[in-house]
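Q: with the sequence up front, the predicted model follows.
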Amino acid sequence: MLQQEPLEMDGRYEFVTVSDEATIAYRRYGTPGKPRLLLIHSLALDGSVWTDVVSALKGQAEIICIDCRGHGWSSRGPLSRAIERFADDAAEVLDKIGWDEVVVAGCSMGGCITQAFAARHAKRVSAMVLIDTTAWYGEKAPEEWRARAAKARAEGLASMAAFQATRWFGERFRAENPRKIQEMMEIFVRNDLDAYEATCIMLGDADLRSALPGFDFPVAVIVGEEDYATPVESARQLAEAIPGASLTILPGARHLTPIECSDVIAAAIGKMVEAAAH
């Protein structure tokens, strides 16, 4: 287990206006001159999902946590239903701060965006960590994700919060970390419904499978054993499609392992950062 240092959450966001005039918010941590790490969060949350991971890694890397468009402190518009736009947002943030190459890690939605980023900007990726994610949600995904967005619009995000908590975190973690669960649910219910709908449609339509065989950098795939959103079999298919990718299954964990298993996720990302630096 990596030793945790207190995270100095100074709240100092920086902002980049990208080519379609959306504003993307990000925060930077760690030590200049260290290997560079880009972290991309899951649907309906924000860069704070990485708080404990960043705390463990900031001595090893210089880190950027972005808030994807429509999320957190990034602008709510213009919205996009194209995963390529989300990938290009990340690239434009890196352009702004002068980063050429990064280790990139993404969780759930962030894992899909990470794959799209690697497909479109392969020369900028030194290594990749795909966490609780998939390259494709299946044939019924477009209709299922649109139905999910319609439910949120009809019934409100608050009506979905309890279900999301059980889907994201195991019973023991929920019992032992009520404050963390409350924080995540508060972020979830604050989401803008138009942005949530657009992002659901983006995920339902996304299909990154054709890009996977072309990834020629180190890749680690990690999934919670009890992940019902992107199950172990999805992670296994992902790892098998990427040359040389490793697969790690975390016992008893569910869908947001950067929060539920932050020490393990930090250690896995740290290994990739170290490998990419040599």
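A: That came through, no problem.
Q: can we go C-alpha only for contacts and neighbour counts from here?
A: Noted.
Q: phi and psi next, for the nearest residue to Ala211 once chain neighbours are set aside.
A: Distance criterion Cα to Cα, 6 or more residues apart in numbering; nearest residue to Ala211, sequence neighbours excluded, is Ala119 at 5.9 Å. Backbone torsions of Ala119, given as degrees, to the nearest 10, read phi -70, psi -40.
Q: what about Ala119, neighbour count?
A: Residues within reach of Ala119, counting by other Cα atoms under 10 Å, total 19.
Q: distance of it relative to Val223?
A: Taking Cα to Cα, to the nearest Å as the measure, Ala119 falls 21 Å from Val223.
Q: ok, now Cys68?
A: Counting by Cα to Cα, the gap from Cys68 to Val223 is 22 Å.
Q: ok, Lys96 next?
A: 32 Å.
Q: could you pull out the strands for the stretch 101-250 of the chain?
A: 102-107, 125-131, 219-224, 246-250 (DSSP state E, counting those that start in this stretch).
Q: what about stretch 45-63, average pLDDT?
A: Averaging pLDDT along stretch 45-63 gives 95.
Q: who's in contact with stretch 93-107?
A: 16, 18, 24, 35-42, 111-114, 123-133, 256, 258, 269, 272-273, 276 (Cα atoms under 8 Å, 6 or more residues apart in numbering).
Q: with stretch 40-53 instead?
A: 7, 26, 39, 65-68, 71-72, 104-111, 113-114, 184, 187-188, 191, 196, 199, 258-259, 262-263, 265-266.
Q: same question, stretch 135-154
A: By Cα under 8 Å, 6+ apart, stretch 135-154 touches 112, 115, 159-160, 193, 196-197, 200-201, 203-209, 238.
Q: and the buried ones among the residues you listed, selectable in PyMOL?
A: Applying 16 or more other Cα atoms under 10 Å to these, the buried members can be selected in PyMOL as follows:
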select buried, resi 112+115+160+193+196+197+200+201+203+204+205+206+207+208+238
